[in-house]
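take a look and give me a structure for this.
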Amino acid sequence: MERNYLSINTDIWNEDAPNWVGVAHRLWGLETPEWGTWGNSETTVAMLPADMQGMDAVELGCGTGYVSWWMHKRGARVTAIDISAEQLATARKLATDHDAPITFIHGNAEATGLPDASFDFAISEYGASIWCPPDTWLREAWRLLRPGGRLEFLGNHPLSLICAPLDGSPADNALHRPYRNMWGADWTEVEFEPTGVCFNLTTSGWMDLFAEIGFAVTRYQELYAPEHAGGTRAAIPADWAKEYPVEHVWHLQKPE
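Numbering: from 1, shown residues only. Predicted coordinates for the structure are as follows:
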């Protein structure tokens, strides 16, 4: 964590942005949202309120903006922030194409500069939820939410990290790094598919942090790959992800 993760992750996502344009077009075109690496359906994950009419919503680390689009379609007034100007360029183009008045901000989800208590709902799917230190972005989400506001986020399950070989090759059934005192991993110089610096905690570490900040946990989910899945995605083989949770979803609420 001594390295400048913000500049590293910004550069990674700016450089990789062209590879996500096709994915973005597909996700903006979905009738029913799909979540995470393996496309788990909103009908089972339920990260979004069915009716968001009158709600102010913020996406923290929006990438190409498809989650913001899904919230807009449900009636929310949406603000979205991302550190990658190139990812935001795709998001803004698609918002224009879909006539969606989403406010996109180029900035850091750990320190948005947005007013206190200005949102009813906050969400992150593989945005701030993995690319920002939990202690900073969760406190920012708390600050942004009104009393009674909800935060939903999806990221890598800690088991998928400790089963990931140190060289970046696909996860297997061995434990490759300690679980105790987990903070995340630096993937910038691994042999296979180098990326950026990601963050994670043990399950009890997440729970302790929520309690310290003040969030109540309303639901917790562990996601697996569907039975029809094959191949390897994001260094996780489908067969592994059918037996072990590859992602987790936290449903949180700021008390009234």
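
endpoints of stretch 138-151, how far apart?
9 Å (C-alpha to C-alpha, to the nearest Å).

same thing with stretch 210-228?
35 Å.

so residue 79 sits right up against residue 107, yeah?
No - checked against C-beta atoms under 8 Å, the pair residue 79 and residue 107 is beyond contact range at 10.8 Å. For glycine as for every other residue, the C-beta is placed from the backbone atoms N, C-alpha and C.

quick one: which of those two has more around it?
residue 79 (22 against 14; other C-beta atoms under 10 Å).

so which helix or strand takes in the more buried one?
Secondary structure from DSSP states H and E places residue 79 in strand 77-82.

ok, then the element right after that strand?
Immediately after strand 77-82, counting by DSSP H and E, sits helix 85-97.

and that next one, how far from the chain's centre?
18 Å (C-alpha atoms, centre = their mean, to the nearest Å).

just the angle for it relative to strand 77-82, thanks.
Taking axes from the mean of the first three to the mean of the last three C-alpha atoms, to 10 degrees, one finds helix 85-97 and strand 77-82 inclined to each other by 160 degrees.

can you give me the end-to-end span of stretch 214-234?
Counting by C-alpha to C-alpha, you get 32 Å between the two ends of stretch 214-234.

list the buried residues for it?
Buried residues in stretch 214-234, defined by neighbour count with 16 or more other C-beta atoms under 10 Å: 215, 221, 223, 224, 225, 229, 233, 234.

what of stretch 106-119?
108, 109, 110, 112, 114, 119.

narrow those to those in strands?
Taking DSSP state E as the definition of strands, the buried residues of stretch 106-119 contribute residue 119.

so where is the stretch 1-150 of the chain shaky, pLDDT-wise?
Applying pLDDT under 70 to the stretch 1-150 of the chain flags the ranges 1-3.

quick one, helices of the stretch 51-200 of the chain?
Ranges of helices within the stretch 51-200 of the chain are 66-73, 85-97, 128-131, 134-144, 158-162, based on DSSP state H, counting those that start in this stretch.

on that earlier part again, distance to residue 142 for the buried residues of stretch 106-119 - can I get that in JSON lines?
Formatted as JSON lines, those follow (distance: C-beta to C-beta, whole Å):
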{"residue": "108", "distance to residue 142": "16"}
{"residue": "109", "distance to residue 142": "13"}
{"residue": "110", "distance to residue 142": "12"}
{"residue": "112", "distance to residue 142": "12"}
{"residue": "114", "distance to residue 142": "13"}
{"residue": "119", "distance to residue 142": "11"}
